[in-house]
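S.K.: Curious how this folds, go ahead:
(2 chains)
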Amino acid sequence: MKRTPIFDGHVEAGAKLVDFAGWEMPIQYSGVVDEYQTVRTTAGLFDVSHMGRVLVSGPGVLPFLQRVTTNDVAKLAVLESHYSMVCNQRGGIMDDIFVYRIKPYEYYLCVNASNREKIVAWLLEQAAGASEVQICDRSADVAQLALQGPASRRILSDLGVKEIDSVKPRHCLEASLHGEPLLITRTGYTGELGYELYMAADRALSIWKALIQVGKSAGLKPTGLGARDLLRLEMAYLLYGNDISEDTTPIEAGAGWVVNFEKGDFIGRETLKRQKDGGLTRRLVAFELLQKAVPRHGFKILSNSQSDGKEIGEVTSGNLSPILQKGIGLGYVPPDLAHVGASIVVDIRGRAIPAAVVKPPFYKRKNREA
Amino acid sequence: MEPTNLRYHEEHEWIKVEGTHATLGISNFAQDALGDIVFIELPKPGTAVTVGQQIGEVESTKTTSSIYTPVSGTIAKINTDLKDHPEVVNADPYGKGWMAVIELADPKQVEGLMTAAQYEAFLSSHK
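M.R.: Just a heads-up that it's a prediction; the model follows:
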């Protein structure tokens, strides 16, 4: 299994390690619920170096990214970022990504660990012949940490990053720490105030340790992938491989807001436009169970038993929400049930548990800092 | 070290026999493997159960696991504290994290279960 530059830090912190997309990663340290609460109330530090970081640059980079991603890259000013999708010709999602414009002709794509090789190969294939675009997989020499939670701003400030106060959501800051460059972006996967930090791989462990040290008094703890999954689910953020795949499209997944049809042609546009104009056969929804039970990936969604109780879809993500103390989930249903208040049923190992379609996210952050 | 006054089952339940009744819970190994327990479903008192039957479920942040009874009998009592505090099973699996008391149909069934030493050997052979 592959290891990130933070590996020794995980072992030292007593992490429980698991295989995640070929990486030996911390699923938890103190416990999933405790780490979840830490991020919701103070701050958690995640190692997300297993994710892929691909630098795309050159004079032709803008038209290239406009063609291979669904969002409108022309709207990004330097040091801004947005969520986007890479689709195949059929509109199927090859990956959901974050695009950071670092310099006028230089963009970082943050891609899922499980899709990194596929996306790099796809980008190279799409760029073939276009000499004005360079694609460079920087995943191995750049590490990535996510500092998330209401205390995260104060911790970065305490660490000496005084300019952090001025960084707006989805904006980036080129900072320096102990004389070394550090890219800080106000992004994350938790729904809390939070930042992601990009740094040279050989500096990553010392920055991890410095953050843990400085953040201790503010309640900072290392947090693992288990807490991350609960946090993102409460925000109804999509997880590749669970909620989306090459067999689903951004329109079906409710991510139409990252698909821009006005920017010109892009890969997958035809299918996505047809779906947007009324050709949908299923739609991802957020739902809450009306009795205490826990929905899981792969469970069947049935129509309301008062009609006929037949199978109409599938749960793609589910868990017990610590904050709501209810079973919550995401899943695909026919378009006529994809509205808030629609009544569905989840088959939980043979028991028909009633559920209601709700407006995501499940969790709404209060405007606070710790 | 597992408590020596208990008997253990391959599905990682433990049983503590007191006269005609047996208290049931899940082992320390089971709670650790499950991770944070968030919800437990237990049978209703009065339910007749037979050896090997699934009688409930433990939901953790990671996964769902079934609770099997290693003995036959009738559910005499369940631990209602677990409804609001399922995390007690993580903290104290052999004490406050007990799940149910079963009135034994056949106390001899307990003899077929593993002792603490046998269970420890079983765990190390399955690592």
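S.K.: can you map out the helices along the stretch 1-150 of chain A?
M.R.: Counting by DSSP state H, counting those that start in this stretch, the stretch 1-150 of chain A forms helices over residues A:7-12, A:32-41, A:61-68, A:116-127, given from the N-terminal end onward.
S.K.: just so I know, which of those lies nearest chain B?
M.R.: With CB to the nearest CB as the criterion, chain B lies closest to helix A:32-41 of the helices of the stretch 1-150 of chain A, at 4.1 Å. The C-beta positions use only the backbone N, C-alpha and C, and glycine is treated the same way.
S.K.: and among the helices of the stretch 1-150 of chain A, the most buried is which?
M.R.: The highest mean neighbour count among the helices of the stretch 1-150 of chain A, using mean count of other CB atoms under 10 Å in any protein chain shown, belongs to helix A:32-41: a mean of 23.
S.K.: Which residues outside it are in contact with it?
M.R.: For helix A:32-41, contacts defined as CB atoms under 8 Å, 6 or more residues apart in numbering or on different chains pick out A:28-30, A:44, A:148-150, A:190, A:192, A:219-221, A:223-224, A:226-227, A:230-231, A:322-323, A:370, B:35-36, B:38, B:60-62, B:87.
S.K.: out of those residues, which are buried?
M.R.: Applying 16 or more other CB atoms under 10 Å in any protein chain shown to the contacts of helix A:32-41, the neighbour count classes A:28-30, A:44, A:148-150, A:190, A:192, A:219-221, A:223-224, A:226-227, A:230-231, A:322, A:370, B:35-36, B:38, B:60-62, B:87 as buried.
S.K.: can I get the helices of the stretch 1-150 of chain A in TSV with mean pLDDT?
M.R.: Supplementary listing: those in TSV, determined by pLDDT from 0 to 100:
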stretch	mean pLDDT
helix A:7-12	97
helix A:32-41	97
helix A:61-68	96
helix A:116-127	97
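S.K.: in stretch A:212-221, what's buried?
M.R.: Neighbour counts using 16+ other CB under 10 Å place A:212, A:214-215, A:218-221 of stretch A:212-221 among the buried residues.
S.K.: actually stretch A:134-145, not the one I wrote
M.R.: Using 16+ other CB under 10 Å as the test for burial, stretch A:134-145 gives A:134-135, A:137, A:139, A:142-145.
S.K.: Please state the offset of it from the chain centre?
M.R.: 18 Å (CA atoms, centre = their mean, to the nearest Å).
S.K.: Equivalent analysis for stretch A:297-305, please.
M.R.: Distance of stretch A:297-305 from its chain centroid, counting by CA atoms, centre = their mean, is 25 Å.
S.K.: Please, which helix or strand holds the closest residue to A:L239 other than its chain neighbours?
M.R.: Once flanking residues are discounted, A:L239 sits nearest to A:S317: 6.0 Å by CB to CB, 6 or more residues apart in numbering or on different chains. For A:S317, the host element (DSSP states H and E) is strand A:311-321.
S.K.: go on, A:G327?
M.R.: Under the criterion of DSSP H and E, A:G327 resides in strand A:326-333.
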